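> Whatever this is, show me its structure:
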Amino acid sequence: MTPAEPEDGHAIHCRLDELLAARGMTLTELSEAVGVSIVNLSVLKNDRARAIRFSTLTAICRALDCTVGELLVADDRAG
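Have a look, this model is predicted:
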C-alpha cells in the first residue's frame, strides 16, 4: 500500500502495516493492546492522521516493541 498524498505540507509516513505484519499482529489485536479504536489506528495507518498523542505513540511503540523512528518516517519524496 502506498502512502496517502501529504496534506498540509507534511511528509511523514506511518509504517504501522509493515510493523504489524512483521510481528504477526492484527490491527484488532493492537487496538486491544493499546486501548485505541480500530478506526483511529486505521487513520494513522493510512497516513491520514493530523495529530497523535504522545501517550498513544508510546503505547503503540511498546506494544510493537519498536521506536518512534521505526513507526514514523520522513518521506523525502513527498511534499
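> do you know how far residue 63 is from residue 12?
20 Å (CB to CB, to the nearest Å). Glycine gets a C-beta too; all of them are placed from N, C-alpha and C.
> Who has more neighbours out of those two?
Neighbour count, other CB atoms under 10 Å: between residue 63 and residue 12, residue 63 has more, with 20 against 15.
> The helix or strand hosting that one packs against which elements?
Taking DSSP states H and E as the criterion, residue 63 maps to helix 54-64. Using 3 or more CB pairs under 8 Å, 6 or more residues apart in numbering; DSSP states H and E, the elements in contact with helix 54-64 are helix 16-23, helix 27-34, helix 68-71.
> which parts of it are buried?
56, 59-61, 63-64 (16 or more other CB atoms under 10 Å).
> could those residues go into CSV alongside distance to residue 46 and pLDDT?
Compiled in CSV, those are given as follows (distance: CB to CB, whole Å; pLDDT from 0 to 100):
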residue, distance to residue 46, pLDDT
56, 16, 96
59, 19, 98
60, 15, 98
61, 19, 98
63, 19, 98
64, 17, 98
